[in-house]
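**Student:** mind folding the following:
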Amino acid sequence: MIEQAQQQGTYRFAKNQGPVVWQIDLAAPFSEYLAQAKAIINSRNIRAQQHCPILTPVAKKLGYDSEHLKVADLIAPFELRQNNNDRAILMIHGLTDSPFTFHYLADRLYQQGYNVRTILLPGHGTAPSDLRHIDLAHWQALVNYAIARTAKDFQQFSVLGYSTGAALAVTEVSQHLPENMKALALISPASEPHNKQGWLAKWIAKIPFINWIDEDADFDFAKYESFPWQAAALANDAMVKLTTQTFPANLPLFSSLSEVDTTIDSQASLAMLTRFARDSQQPSTHSLLYYGNANAAKTQLPAGYNILSPQCNHLACDTIIDMSHIGVLQPAEHPYYGWQGTYRSCSGYLEQLPKYLKCKTHPSPLLGERTAQNTSHDVPLQRLTFNPAYDDFVAHLITFFDTHFSAHVQP
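**Tutor:** I've put the predicted structure just below:
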């Protein structure tokens, strides 16, 4: 079944092939944007109406039940509203991802009293083939709208960007920082690709009939597994754009990343954070929660930079080799991506079908980032899709946001 899905591209292609039009009306209320995004998912995602009983905390708060929950309900952008417009967090997902990645973190922030918003980057939530018809301007236009709209709708707000979403957020706030934006959080921020040939992607993407870097089964309903060359080109363009941005002088910054990230070069990320701190007039408001050797990070970052080391108390802690790019945001209890979740990330063996299948079925796979060393063992490696120190991560993030929001807002 997996081999057939890989070969046939069962879930790789959208319904109604061809470009999809995303109309961004800067004056439109956020509810109108949410409805438009949901309609696009339903019109192009062949699994949109499939039953998917993963009843997350956000799904419950949005009024769904496990009997009627559909794929489209879980991957669509959403909003959790308090009975006030005091403070909000806008969350921007990464490349090949969807707002489903925020279903647990959004709930924790909501419990803390924040209004929470998410967006769906154009080309996502439908099928990997749709990323072939998107350019960077589509993404940046939506981020522009979301930040400007949130600035209008709430007295104060902050932005959290994950991976490519982090790069898009930095570019936008570096150019247009709303007065009522209080802080920025970057999770596994896209700074520079681990593969240094990323600049070639935009040229390869132009070659007829050479469309895909990875052609996977795409069994993950919430995140693309197949990967087109155009997507790599877009991500590289977003990261290159960061090199020309000056970080806002008075904007507090929280970052969290893994030292052994195989998607993004962690050393380049530390260099980027160093540059941001030097741009800042208040570098003491910058913090890094680092999944790696804190002393090594200290040698790169400016003196006095606030470096935090994760504290792990979960049963899974002793079974983890290292943190991955995609693991930081999810709790070990996640029913889909968690320690005993139903989904396994095995793309490190994509060209070796027997090992790929073994990874999907092994009773006790290794857990960590998909490095050459980690995938060289006889026991297969499942790429880590959860954070065994998740509660610690959330506690640091909430403390950061609470610290930098104003204690009192206008009535």
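**Student:** can you pull out the strands in the stretch 251-400 of the chain?
**Tutor:** Along the stretch 251-400 of the chain, counting by DSSP state E, counting those that start in this stretch, strands occupy 253-258, 286-291, 306-308, 366-368, 381-383.
**Student:** columns mean pLDDT, mean neighbour count and distance to H51 on top of these, output as CSV?
**Tutor:** Using the backbone N, CA and C atoms, a C-beta is placed for each residue, glycine as well. CSV is the format used below for these (pLDDT from 0 to 100; neighbours: other Cβ atoms under 10 Å; distance: least, Cβ to Cβ, whole Å):
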stretch, mean pLDDT, mean neighbour count, distance to H51
strand 253-258, 98, 24, 34
strand 286-291, 97, 24, 36
strand 306-308, 96, 16, 41
strand 366-368, 96, 21, 29
strand 381-383, 96, 24, 26
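**Student:** any chance of TSV for those strands, columns distance to L80?
**Tutor:** Output for the strands of the stretch 251-400 of the chain, formatted as TSV (distance: least, Cβ to Cβ, whole Å):
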stretch	distance to L80
strand 253-258	20
strand 286-291	24
strand 306-308	27
strand 366-368	31
strand 381-383	29
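**Student:** out of those strands, which is closest to H133?
**Tutor:** Among the strands of the stretch 251-400 of the chain, the nearest to H133 by Cβ to Cβ is strand 381-383 (27.9 Å).
**Student:** helices or strands up against that closest one?
**Tutor:** strand 366-368 (3 or more Cβ pairs under 8 Å, 6 or more residues apart in numbering; DSSP states H and E).
**Student:** now do the strand it packs on: which elements does it pack against?
**Tutor:** Using 3+ Cβ pairs under 8 Å, 6+ apart: strand 366-368 touches strand 381-383.
**Student:** next SSE downstream of the lowest-mean-pLDDT helix or strand in the chain?
**Tutor:** Here the helix or strand of the chain ranked lowest by mean pLDDT, DSSP states H and E is helix 201-204, holding a mean of 59. Next along the chain after helix 201-204, taking DSSP states H and E as the criterion, comes strand 212-214.
**Student:** and G94, what does it touch?
**Tutor:** 101, 162-166, 188, 190 (Cβ atoms under 8 Å, 6 or more residues apart in numbering).
**Student:** out of these, which sit inside strands?
**Tutor:** Counting by DSSP state E, the contacts of G94 place Y162 in strands.
**Student:** would you mind giving the contacts of G94 as TSV with distance to A271 added?
**Tutor:** Conversion of those to TSV gives the following (distance: Cβ to Cβ, whole Å):
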residue	distance to A271
T101	26
Y162	20
S163	17
T164	18
G165	20
A166	15
S188	16
A190	14
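**Student:** want to throw the contacts of G94 into a markdown table with pLDDT, distance to I147 and neighbour count?
**Tutor:** Below are those laid out as a markdown table (pLDDT from 0 to 100; distance: Cβ to Cβ, whole Å; neighbours: other Cβ atoms under 10 Å):
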| residue | pLDDT | distance to I147 | neighbour count |
| --- | --- | --- | --- |
| T101 | 98 | 19 | 24 |
| Y162 | 98 | 15 | 27 |
| S163 | 98 | 18 | 29 |
| T164 | 97 | 16 | 27 |
| G165 | 98 | 12 | 29 |
| A166 | 98 | 13 | 29 |
| S188 | 98 | 20 | 29 |
| A190 | 97 | 18 | 29 |
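**Student:** ok, so of the contacts of G94, who is nearest H133?
**Tutor:** Set against H133, the nearest of the contacts of G94 by Cβ to Cβ is T164 (17.0 Å).
**Student:** hmm, the closest one is touching S191, no?
**Tutor:** No: contact between T164 and S191 fails when scored by Cβ atoms under 8 Å: they sit 10.6 Å apart.
**Student:** which parts of the stretch 1-150 of the chain are strands?
**Tutor:** 79-80, 87-92, 115-119.
**Student:** please identify the helix or strand for A235.
**Tutor:** helix 229-242.
**Student:** buried residues in that helix?
**Tutor:** Counting neighbours by 16 or more other Cβ atoms under 10 Å, one finds that the buried residues in helix 229-242 are 229-239, 241-242.
**Student:** for F157, phi and psi?
**Tutor:** Here is the backbone geometry of F157 (degrees, to the nearest 10): phi -160, psi 170.
**Student:** my guess is it contacts M181, does it?
**Tutor:** Yes: the pair F157 / M181 is scored as a contact, 6.0 Å apart, by Cβ under 8 Å.
**Student:** so what sits against both of the two?
**Tutor:** In contact with both F157 and M181: A151, using Cβ under 8 Å, 6+ apart.
**Student:** what angle do the longest helix seen in the chain and strand 87-92 make?
**Tutor:** What stands out as the longest helix in the chain, according to DSSP state H, is helix 136-153. If you take axes from the mean of the first three to the mean of the last three Cα atoms, to 10 degrees, helix 136-153 sits at 170 degrees to strand 87-92.
**Student:** helix 136-153 packs against which elements?
**Tutor:** Secondary elements touching helix 136-153 (3+ Cβ pairs under 8 Å, 6+ apart): helix 30-44, strand 87-92, strand 115-119, strand 156-162, helix 164-175, helix 229-242.
**Student:** ok, and what's touching it?
**Tutor:** 22, 24-26, 28-30, 33, 85, 88, 90, 92, 117, 119, 121-123, 157, 159, 168-169, 171-173, 176, 178-181, 234, 237-238, 241.
**Student:** cool, stretch 324-333 as well?
**Tutor:** Outside of stretch 324-333, the residues within contact range by Cβ under 8 Å, 6+ apart are 101-102, 104-105, 162-163, 187-188, 256-258, 260-264, 291, 314, 316, 337-339, 345, 368-370, 383-388, 390-391, 393.
**Student:** tell me where the stretch 101-250 of the chain is predicted with low confidence.
**Tutor:** Counting by pLDDT under 70, the stretch 101-250 of the chain shows low-confidence ranges at 195-209.
**Student:** re the thing from before, buried among the contacts of stretch 324-333? Need that as a selection in ChimeraX.
**Tutor:** Selection command for ChimeraX covering only the buried members of those, criterion 16+ other Cβ under 10 Å:
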select :101,102,104,105,162,163,187,188,256,257,258,260,261,262,263,264,291,314,316,337,338,339,345,368,369,370,383,384,385,386,387,388,390,391,393
